[in-house]
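> Need a 3D model of the following:
(chains A and B)
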Amino acid sequence: MSTYVEFLLLGLGNGGVFAALAMALVVTYRSSGVLNFATGAQALYAAYTYSLLRNGQLLVPIPGLGPTINVGSSWAFWPALLVTLGIQAVLGALAYLLVFRPLRNHRPVTKAVASIGLMGLLTAIVSYQVGSQVINVNPIYPQNHVTLLGVSVPTDRLWLAGTIIAVGVVLTLIFRLTRFGLATRAAAETEVGALVSGLSPDRIALANWVISFVVAGIAGVLIAPLVPLVPGTYTLFIVPALAAAVVGRFHSLGWAITTGLAIGALESLSVYINGIHPSFPAGAGELVPLVLVLVVLGFRGRTTPSRGSVAQVTLGRAPRPHWRIPTAVVAFCAGLAAIYLFTGNDRAALYTSFITGVITLSLVVVTGYTGQISLAQLTLAGVSAYILSTFAHSWGIPFPIAPLLSSLVAAAVGVLIGIPALRVRGLMLGVVTLTFAAGVEAIWFNNNSLDGGASGLAIPTPTMFGINMSIGAGKDFPRPAFGILCLIVLSAVALGVSYLRTSRLGSAMLAVRADERSAAAAGINVVRIKLIGFGIAAFIAGIGGSLLAYQLGNVTFQDFDAFLGLVLFSTVVVAGITSVSGGILAGIITAGGLLVSVISSNVGQGGVDNWYGVVAGIGVILTVIFNPEGVVGPSHLFLEQRRVRGVLARPEGALVPSLPGATVASANAEPKEPATVLAAATGVPVGTAPAVATNGHSSALEGDGALSPGALLELRALSVHYGGVTAVDNVTFSVEQGQIVGLIGPNGAGKTTTIDTLCGFIAYEGAVLFDGQDLRDRAPHQRAALGLGRTFQLAGVCDDMTVEENVQVGQHRVHGAKGGADAGTALDGILADMGLTDMRELQVAMLSQGQRQLVSIARALAGRPRLLLLDEPAAGLDSSESRWLAERLRAVRERGVTILLVDHDMSLVLSLCDHIEVLDFGALIATGTPQQIRTNEEVSTAYLGATHHEVAT
Amino acid sequence: MTDTTLVAPAEDPGPSADEPVLVCRGLDVGYGKVTVARDISFTLPPRTVLTILGPNGSGKTTLLMTLAGFLPPRAGSITLHGRPIKGSSPRRMNQSGLVLVPDSRALFTQLTPIQNLKLAAPRGFDLEPVLELFPALARREKLRVADLSGGEQQMLAIARALVQSPRLLLIDEMSMGLAPVAVESLMPVIRRVADEHGASVIMVEQHVQLALEVADDALVLVHGSIALSGPAVTLRADMSAVERAYIGGDDLT
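Coordinates of the predicted model:
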């Protein structure tokens, strides 16, 4: 028993470092919203600076200027520590000013990718400058043992943990008691509040970046004598630190420290248990971060995203491919020529590029198309490679079958990783997948009983129809046959991914990426699409992993390291994560790929390989700052703009919605023509007795109330509570078949909440009946299947897709994933009705706000709804546009669709609706015809506010 | 800011006492791809309370956010204290004496009211005169802002602006979510800010009557353009015109 305690306490050394890094993570996240993957690398840099200073050397941060400067003989502890922390402070300020300040208004994902670039850069600088040179550092703390709980424990671990806890206490006091600390907490809660209070969020963030680098630096200095200085180890300290920060919810320093120490202790314990029970995997302790992250995020995450949580992932547009087959043929021929053109190492590097291209295409599918951040794709490739050894080597399954089977296993694991994505979104999903990758590496890839020992796992030669397709060895290496195999696979995968982009499944993926709620309301089963995305991507990664295994001949864990997976992710972001060409380009520019090889064989051996990490790190940072769509982004944009100009040149293809006289004239011919509306408005004095009662349908209007046989939708005593607030309060009304019903009220009256409730996004009390069926417990896409369509404020359509593709998303449910001639005819009809025929080929991003609203309505119509819920369709339209919209909506009603309309545009609502319901403070205050609503005093009070007279009484 | 005391009326409100505080010419405002209000022009003289009225969605808040530097203007010009504003920076606008009270209030809810005020006030600023305007706040010293009532939070939001000795105060929907009584108790404070402290005020308001009683000038925004403007007295005299602008429709003919 006592030995268990001893190992738990031994783990406090690493645990202290995890705790410190977790604190640094919390500090940067709170102050600038950056999930800083570089935190481990910051500690690494400090560890090297300190160790070298103790040996009388100053680490030069700029490669090319010589690795170190001689600064006397060996330095004492305190001067070395203080100078190290000073350098860390400067680096922290530079990191903020040069990298994260320019990105301060960008999305969290963009900032996180920049931090991955920074991580790569810091690690690469250290590798370049110091390389594998062994640096010995004297211990900092006294090397004694004390007896604690009957166990003899080395004091240095206790000292280290104690120091980190002391740092935590000091930081906590600073944040609680000083003006700077208050300002930091204040700005973290609301940046708008900070700005209107005259605070500078900028300076606050700068100071916090300095603190973060210094805290990480303290961790690096303290651990340097305990853990051998190896770049990869230190950088991946980030995984347990992330888990600790997640447990502290990126807010509580206390929880972050406690969890960090606990993870360190448990990891140490698992090493001990492995020592006495060899069947217990030594890496089991490294699963602790994964378990913690899953538990904390899984319980906290919600099954549906909260209001307004538009997906945070815009890693650039996903352009629609054109000239697919010609491009593929040309690219294939070029690849074929390259195989024979290059020889030796360059040719091998070309193969690496082909194979990496396959793996990076999996990232295009899961992140670029589906919008799910997966940092585990290289690990999935590794899963396939490891299983391939079992299938092909141990079981003797022949060539094309074994890798396909192993890729299927990877696909299954990929779907497993996708399950947390149902509750966890955005960056936190990146955290989950990274901890997963690190866990798999620790418990499987790097497990002595599973990894085949030092030589790795054997992979047999691939042969088919008697043709040897191996890469060969010795003089034979690298054989063209293997290259052709890789090229064929890459071309097939690239074409497949390209067809996926234009397929209905691909449209559904992009819709999920653009806005999950909007996709669900359009009838898409978001859960299914996400899992399919993860599955397809993992299968592709698995194929890439199998090829990599054949290339290597045997498989070791280093090839599928979690750190490499992170670097690969940032490489694809640089190349362009949203397009096939970006995926392939990522393969070419990757480490060990063709570009590096060709440059180094022309410029001279050695130099380029070492420079690669530095250049790649800087490349990632520059790309996210200046060109977030990746290297291939601008060329796609250029091509798209040329196409738009082509359409514009056609006379009928005007981009501004034209309002031909005929349309307006027919609007005036309507029974409720605008002139009458205005006359009625002016003619009726305010203050006449209310024509309508206020409590639901207890009025003279009961005749067409809830019990009427024509009611398509009925709300019965609907209430919604958020925390202590009642957003919707006992609302009862119904919508008649074939009518246009308006739902109006001042800001915060509960209109959008009501619509969200009808769609299934919000829990409620009372009942919602649609066509006589109770909608309780039905998911949003199931409600869509019943015939409930909806649009969102500010459209909610997918900018990347064409008008046609967006509308096809709506057809997903009715016509299935394949579509067909029926679907085409229906599509033509809807586009014609909405006046979008000329623009069907254009990207929605190119359209005006009014046209986007029409696309949104067209998409909802494509799902053949019986009831259409429109949330502020006239937002952002000018008067003539909104009259034109009213025309379109009347046409929709002519198609037999009932409409429930929320809008602030009173003239639109009054002229268009058959019936109007008015909400104020969540309660229904009036219901009636437009004429009745116009003259209702309560309504005008709700809109114009109280008068002095009313207040006084 | 040079004048740090709130109580002393600004003796030197700027280069010239009669120079307009704010001039907007042909301003288009919006966010993302949406232009919300178009061609807004008005002039705000010193020590004037201007109320911006109008139905929901007419662009009032967007206009205020643009004036405060949170959104870039899409067209037109803004001139503050005689200097044309280039680009958009909420921090620069705040430093030139334009202080916004946003409709979300954007208070630091985990801190106490006094901590909120101290963060906004210059070092050494005497909070007492401002707290005297809102006696209810002084009684809530020990509570976190999250535990204050809606009315108290709104008082705090205004107080937080006042401790910055604004030369131009923008208040967005002060009455949002408040009982009419609470709104009425806040209105005189706005008047005092202009009369006693020499600041100008632009307030976006739902309570038309109450706003017109306090304001000097009014401007009704409907559907993104100015439907009605003039002295508050004039508008109050003909409420039916305001009423029409709100409910009856807009420029339909």
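> In the stretch 51-200 of chain B, mark out all the strands, start to finish.
B:75-80, B:83-84, B:98-101, B:168-172, B:200-204 (DSSP state E, counting those that start in this stretch).
> what about these, which gets the closest to A:V364?
Closest to A:V364 of the strands of the stretch 51-200 of chain B, according to C-beta to C-beta: strand B:75-80, at 39.0 Å. In this view, the C-beta of every residue, glycine as well, is placed from N, C-alpha and C.
> so the closest residue to A:F569 other than its chain neighbours, which of the three states?
Distances taken as C-beta to C-beta, 6 or more residues apart in numbering or on different chains place A:L375 nearest to A:F569, at 5.6 Å, with adjacent residues excluded. Secondary structure assignment for A:L375 (DSSP: H, G, I helix; E, B strand; the rest coil): coil.
> go on, A:S279?
Of the three states, A:S279 takes coil under three-state DSSP.
> What helices and strands are in contact with the helix or strand bottoming out on mean pLDDT in chain B?
Within chain B, confidence by mean pLDDT, DSSP states H and E is lowest for helix B:135-138 among all helices and strands, at a mean of 81. Packed against helix B:135-138 by the contact rule (3 or more C-beta pairs under 8 Å, 6 or more residues apart in numbering or on different chains; DSSP states H and E) you find helix B:150-162.
> Quick check: buried residues in the helix it packs on?
Neighbour-count burial for helix B:150-162, counted by 16 or more other C-beta atoms under 10 Å in any protein chain shown, picks out B:G151, B:E152, B:Q153, B:Q154, B:M155, B:L156, B:A157, B:I158, B:A159, B:R160, B:A161, B:L162.
> go on, stretch B:68-77?
B:A68, B:G69, B:F70, B:L71, B:P73, B:R74, B:G76.
> what does the stretch 51-200 of chain B have sitting close to chain A?
Counting by C-beta under 8 Å from any C-beta of the partner chain, the stretch 51-200 of chain B comes close to chain A at B:55-58, B:68, B:70, B:90-91, B:94-95, B:99-102, B:104-111, B:115-116, B:118-120, B:160-161, B:164, B:173, B:175-177, B:180-181, B:183-184.
> Looking at those, which are in helices?
B:90-91, B:94-95, B:115-116, B:118-120, B:160-161, B:180-181, B:183-184 (DSSP state H).
> pLDDT-wise, what's the bottom of those residues?
Minimum pLDDT for those is recorded at B:P180 (70).
> so can I have CSV of the strands of the stretch 51-200 of chain B showing mean pLDDT and distance to A:Y50?
Below are the strands of the stretch 51-200 of chain B laid out as CSV (pLDDT from 0 to 100; distance: least, C-beta to C-beta, whole Å):
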stretch, mean pLDDT, distance to A:Y50
strand B:75-80, 94, 51
strand B:83-84, 92, 51
strand B:98-101, 96, 47
strand B:168-172, 95, 51
strand B:200-204, 95, 56
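> what's the most buried one of these?
strand B:98-101 (a mean of 26; mean count of other C-beta atoms under 10 Å in any protein chain shown).
> What pairs with that one, parallel or antiparallel?
Next to strand B:98-101 in the sheet, as set by DSSP bridges, lie strand B:168-172 (parallel).
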